[in-house]
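1. Next comes the sequence, and after it the predicted model I'd like to discuss.
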Amino acid sequence: MKIHKVFIYTILTVLPVMTTNLQAQNGDQILDGIGETGLIARYLFDGDAKDWSRNNLHGTLNNSKAKFIDDDLFGTVLSLPADNKAFVTLPGEAVTGEESLSITGWIYLLSDRQGQYFFDFGKNTKSHFFFTPMGTTEKQGYQAGIITEAGEYYTESSDIEASKWNHLAVVINVPSKSISTYVNGKLVSETKNVELDLEHVFDNDSSNKNMLYIGKSLLSDNAYLHAKLHDFRIYRIPLGEKQIARIHHNSLSGEETVVNEMKDVADDLPMFSKTSPQLYNEYVSSVPNVEIETVVGYLPRLPRYVKGVYRNGMEGPNVRVLWPAPKDNSNVRTAGQYTITGSIAGTDLKPKAIITVKEVKENATPTRKLEVFNLDEVSLNPDPHGHNTKFIENRNKFITTLAKTNPDDFLYMFRNAFGQEQPQGAEPLGVWDTQETKLRGHATGHYLTAIAQAYASTGYDKALQANFANKMETMVNTLYGLSQMSGQPRETRGEHVSDPTAVPIGVGKTNYDSDLSIDGIRTDYWNWGKGFISAYPPDQFIMLENGATYGGQKTQVWAPYYTLHKILAGLMDIYEVSDNKKALEIAKGMGDWVHARLSQLPTETLISMWNRYIAGEFGGINEAMARLSRITNEHRYLEVAQLFDNINMFFGDAEHSHGLARNVDTFRGLHANQHIPQIMGALETYRDSNTPDYYRIADNFWYKTTNDYMYSIGGVAGARNPANAECFTSQPATIYENGLSAGGQNETCATYNMLKLTRNLFLYEQRAELMDYYERGLYNHILASVAEDSPANTYHVPLRPGSIKHFGNADMKGFTCCNGTAIESSTKLQNSIYFKSMDNHALYVNLYVPSTLKWKEKHVIIEQTTAFPNEDHTKLTIKGGGKFDINVRVPHWATQGFSVKINGKKEKVDATPGSYLKLSRKWKNGDTIELHMPFQFHLDPIMDQQNIASLFYGPILLTAQESEPRKDWRKVTLDAQDISKSIEGNPKTLEFNIGGTVFKPFYETYGRHSVYLDITLK
């Protein structure tokens, strides 16, 4: 099948494009069709040395005589006078832990003297990476050089021309073993066969040992740079020639492409013939057509897998069919019949789906049938051999570090916003919570939830539990005090604005702005409206209403409602575990503030707001508002939840004519984690409004996402088209063609939210496929996202050949979004092992984890004893008794059988993989249930390139342990009839060997690895 590339230009964003002059680009880190996650830092040098990316890696000018001057081409630029020894220092962490690097920048040499260094980065004079426009004193010519104790590498070409602007770039591509240099968008030199690891150049353990200089060499006796500088960038990905040419062109043309545009797929993934047989598809002889019924207005849900017929009696898996994905529901607007033709990767088979559209009543949506257990009702246990499980290991890393945190650090920016003094010992957080970061306060919301969950989960240690109780009290009391100041006079009868809709422009300002600098931030809280609470003033919320987009300038914003969602969710979490009335009052006050503002806006404005890339990202605040409505029994908060409806995605348009509610894929190409929490909010709104479309939105989204966008670890984002590691691919079911972003993929907090959505859908419909996915994402992404010896965790998880995970925030001092959800995930790992029916007549055992359940309503304790997944069996012991059902999950991967023993006697059961098995009886104290589910090896191929597949053993993803970077997929040959014949190893340690290569669970992999393999069956 020929899959056509679709360029997404609408819905996502309305970022401005400069077309009238050649001034510096507008400060966004979304540049030139290159996704923002590939960018480490960007220095415009238009008046300061600030980093205009979201990473806050601000530079320092090391000479008071360095000047910012006017330039005819670029406006304000930095001028470095050589005779005054001026240079710029960048933070050492900018290069820590990176595999490859690309550095670009504009330079106007004011001297043609040799020995001038554009930049020099390294840990000492024996290990550094430098760029010289005119060569060194020892070697003439424009060159890049890398010197380490293991060897030296250079690229060489002619000197660049002085007294004019030149755009220079150097790319270190470690997997390709090359160093390339460019001048004005064109490749001028390349050195190949470079045996290099950047850890030989930089210190990854202590970033303060890295010296990063612009305009100076690490060698003290070398000349300083005499030049003008503009727009210096550092990327963590190896940029291609087309990308560098585009950066050069856009700077001169005034263009700035946005993140959802894709000019071309710029990378070097191996290409395969569309018609070559792939994996099991090589043996497929035919696939039957399918017949599907739907009702008028609703696209049919087509089966992604169909049972195929294999040659020579071979037994193979169900065959993946690739179906076209309509952008509307025009095919089903009237009753009748039509046909859809699908394809099967690597074959010329064209199965058909015959669709019958009926003019009948819409299908009913389910009611919520299950309820969750509180965190204090389920505890994690060691395995039967006395070993801590990965669940306990990860929990302990986070609990221990959280216990050492200072709540005042998480309150720092809130006090700062309200102009209050900081208590002794308080220090600001880093990364996305610094003084001038527009998302500051987001980590505080995650922290509120994490300490609430930690409090609820640490009944096993009363001192530890008291620690978290004190932290909750400190956080709530301070936030409550600040919230009570908003919109209130500083002194009796003093001037103030209590109306949230009448917030004035800050004193001394000409408009609302997002300036959070020490000198620029407004702190006139008495003018902010009653109930307002945030780590920044209300301007960003108002600016969003007025059309502001996402970016670094003070006229731009960064997801104000996203931050607010985290805060409100955290406050309600604290309220629900501790009955802290102040926490609920803060949430209600902010709910009222939001209701006042949003309820006055026209629908067109709301549609525009929620469809602006990142600026309009609101997390799951619709979920929080629906939840607040349920807790308080105040309907206005449910009204607020519905004001956050993403109408374009949910309903297609303002007339609700199609969209996800009608099973149309309206999220292709969109930012994944901007939209997944919105779906969770739709499901929560369904719970409280009983509006069927909200359930359909959530259920349709889940089915499409897990079937058409999912990587083997359970992550769902990471695109080369559009060029953003945080986006869904531009077309469904095209992960190989359009996914596997060079900047990584599988944003960890996106999987966090997918698991949350999955869990809550299961409470309505007890489909085993939901908890099968939950198990996949939990074991192979969430558990695998944590470092070996600390709570450092992943942002993106790269899945290209020979990748390596990058962990951050070991000390909980600086949070990205994924660092935030990590402290939530690892303090609630027990929350989905068991569920109960709302009438307390049935128990669901979803996950096989050593644990103890206290089912208070039944006066029953159930202890699960297992070493799963190092063993393929588990035992449930019942303490207490009574008549109730126990429903145990029969995993989809349990194709070699699923046996049950009750009190040692084997039961005759009909256990179908991918279902729940009901065990009903009047249970007695001491009864045992033993479940045995033999593991087997199986492959999980990429839907549109079946020979590229991951290897699983039962539920566990096994990854090849690599010794060095690589750009090609590891080739593996397996027995076509039984792949286990090609694999050796020890199931109890989950360590295996294929052709001399070691394979281990992804959650036990901390070095270089290959998740996907190029597999041939023979």
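-> Received, thanks.
2. Check whether residue 959 sits in a helix, strand or coil.
-> With DSSP: H, G, I helix; E, B strand; the rest coil as the basis, the three-state label of residue 959 is strand.
3. and the residue nearest to it when sequence neighbours are not counted, how many neighbours?
-> Nearest residue to residue 959, sequence neighbours excluded (CB to CB, 6 or more residues apart in numbering): residue 1009, at 4.3 Å. For glycine as for every other residue, the C-beta is placed from the backbone atoms N, C-alpha and C. Around residue 1009 sit 22 other residues, with neighbours defined as other CB atoms under 10 Å.
4. correct me, but residue 1009 touches residue 799?
-> No: Residue 1009 sits out of contact with residue 799 when judged by CB atoms under 8 Å, with a separation of 9.1 Å.
5. what pairs with the residue nearest to residue 959 across the strands?
-> Note on residue 1009: beta-bridge partners residue 803, residue 961, judged by DSSP bridges.
6. which residues touch it?
-> Residue 1009 makes contact with 802-805, 959-962, 1002, according to CB atoms under 8 Å, 6 or more residues apart in numbering.
7. Find the helix or strand that residue 291 is a member of.
-> Applying DSSP states H and E as the criterion places residue 291 in strand 290-295.
8. Run through the neighbouring helices and strands of the helix or strand that comes right after that strand.
-> For strand 290-295, the succeeding helix or strand toward the C-terminus, using DSSP H and E, is strand 305-306. The helices and strands touching strand 305-306, judged by 3 or more CB pairs under 8 Å, 6 or more residues apart in numbering; DSSP states H and E, are strand 319-320.
9. coming back round to it: out of the contacts of residue 1009, which end up buried?
-> Among the contacts of residue 1009, those buried by neighbour count (16 or more other CB atoms under 10 Å) are 802-803, 805, 959-962, 1002.
10. Specify which member of those is nearest to residue 304.
-> For the buried ones among the contacts of residue 1009, the closest approach to residue 304 (CB to CB) belongs to residue 1002, at 23.7 Å.
11. and which of the contacts of residue 1009 is nearest to residue 385?
-> residue 1002 (22.5 Å).
12. wait, the closest one sits on residue 784?
-> Yes: counting by CB under 8 Å, residue 784 is a contact partner of residue 1002 at 4.5 Å.
13. Tell me, how many residues neighbour residue 648?
-> 20.
14. nope, residue 490 is what I was after
-> When counting by other CB under 10 Å, one arrives at 11 neighbours for residue 490.
15. which residue sits closest to it, ignoring its sequence neighbours?
-> Nearest one to residue 490, counting by CB to CB, 6+ apart, is residue 526 at 5.6 Å.
16. And for residue 840?
-> Spatially, and ignoring its direct neighbours in sequence, residue 840 is nearest to residue 857 (4.5 Å; CB to CB, 6+ apart).
17. Confirm the one you found sits in a strand?
-> No: per three-state DSSP, residue 857 lies outside any strand segment and is helix.
18. Can you get me a residue count around it?
-> By other CB under 10 Å, neighbour count at residue 857 equals 9.
19. next one: residue 166
-> As a burial measure, residue 166 scores 18 neighbours (other CB under 10 Å).
20. ok, it - contacts?
-> With contact taken as CB under 8 Å, 6+ apart, residue 166 is in contact with 106-109, 133, 160, 183-184.
21. now residue 742
-> Contacts of residue 742 by CB under 8 Å, 6+ apart are 38, 237-238, 267, 720, 800.
22. re earlier: ok, of the buried ones among the contacts of residue 1009, which one's closest to residue 398?
-> Once CB to CB is applied, the member of the buried ones among the contacts of residue 1009 that ends up nearest residue 398 is residue 805, at 17.0 Å.
23. what's the spacing between the residue positioned nearest the centre of the chain and residue 676?
-> Geometric centre of the chain, nearest residue: residue 747, 2.2 Å, by CA atoms, centre = their mean. Separation of residue 747 from residue 676 (CB to CB, to the nearest Å): 10 Å.
24. now do residue 799
-> For residue 799 relative to residue 676 (CB to CB), the value is 19 Å.
25. Looking at the two, which one has more neighbours?
-> A count of neighbours by other CB under 10 Å puts residue 676 above the other of residue 799 and residue 676, at 29 against 25.
26. From residue 706, how far off is that one?
-> 12 Å.
27. can you list residues touching both of those two?
-> 716, 754.
28. Can you classify the residue nearest to residue 490 by secondary structure?
-> Here residue 526 is recorded as helix under three-state DSSP.
29. Just the terminal-to-terminal distance for stretch 872-883.
-> Start-to-end span of stretch 872-883 (CA to CA, to the nearest Å) is 28 Å.
30. what's the spacing between that stretch and its chain's center?
-> Stretch 872-883 sits 37 Å away from the centroid of its parent chain (CA atoms, centre = their mean, to the nearest Å).
31. mind listing what residue 162 touches?
-> For residue 162, the contact set (CB under 8 Å, 6+ apart) comprises 109-112, 134.
32. can you check residue 671 too?
-> Contact analysis of residue 671 by CB under 8 Å, 6+ apart lists 12, 613-614, 617, 717, 724, 726-727.
33. one more time with 7 Å
-> Contacts here follow CB atoms under 7 Å, 6 or more residues apart in numbering; on that basis residue 671 touches 613-614, 726-727.
34. contact partners of stretch 323-337?
-> Residues outside stretch 323-337 that contact it (CB under 7 Å, 6+ apart): 294, 296-299, 302, 338, 340, 342, 353-359, 652, 658, 662, 664-665, 731-732.
35. Would you mind giving me the PyMOL syntax to select the buried ones in these?
-> Buried subset of the contacts of stretch 323-337, written as a PyMOL selection, criterion 16+ other CB under 10 Å:
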select buried, resi 294+297+298+299+302+340+342+353+355+357+652+658+662+664+665+731+732
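36. mind listing which of the contacts of stretch 323-337 are in strands?
-> 294, 338, 340, 353-358 (DSSP state E).
37. For the helix or strand hosting residue 864, what does the pLDDT average out to?
-> Per DSSP H and E: residue 864 is located in strand 860-866. Per-residue pLDDT over strand 860-866 has a mean of 98.
38. That strand pairs with which strands, and in what direction?
-> With DSSP bridges as the test, strand 860-866 is paired with strand 851-855 (antiparallel), strand 873-879 (antiparallel).
39. What is the longest helix seen in the chain packed up against?
-> Longest helix of the chain, by residue count under DSSP state H: helix 462-483. Under the contact criterion of 3 or more CB pairs under 7 Å, 6 or more residues apart in numbering; DSSP states H and E, helix 462-483 touches helix 407-417, helix 442-457, helix 560-578, helix 581-598.
40. between it and helix 581-598, how big is the angle?
-> Interaxial angle of helix 462-483 relative to helix 581-598 (axes from the mean of the first three to the mean of the last three CA atoms, to 10 degrees): 40 degrees.
41. Alpha carbons only: can I get helix 462-483 in CSV?
-> Only the C-alpha atoms of helix 462-483 are listed here, as CSV (Å, rounded to 0.1, in the frame of the first residue of the first chain):
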residue,chain,number,x,y,z
LYS,A,462,4.6,5.7,60.8
ALA,A,463,7.5,8.2,61.0
LEU,A,464,7.7,8.3,57.2
GLN,A,465,3.9,8.8,57.1
ALA,A,466,4.1,11.7,59.6
ASN,A,467,6.8,13.3,57.5
PHE,A,468,4.5,13.4,54.5
ALA,A,469,1.6,14.6,56.7
ASN,A,470,3.7,17.6,57.8
LYS,A,471,4.7,18.3,54.2
MET,A,472,1.0,18.4,53.2
GLU,A,473,0.1,20.7,56.0
THR,A,474,2.9,23.1,55.1
MET,A,475,2.0,23.2,51.5
VAL,A,476,-1.7,23.7,52.0
ASN,A,477,-1.4,26.3,54.7
THR,A,478,1.0,28.4,52.6
LEU,A,479,-1.1,28.1,49.4
TYR,A,480,-4.3,28.8,51.3
GLY,A,481,-2.8,32.0,52.8
LEU,A,482,-1.7,33.2,49.4
SER,A,483,-5.0,32.4,47.8
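42. So for it, what gets flagged as buried?
-> Judged by neighbour count (16+ other CB under 10 Å), helix 462-483 contains these buried residues: 464-465, 467-469, 471-472, 474-476, 478-480, 482-483.
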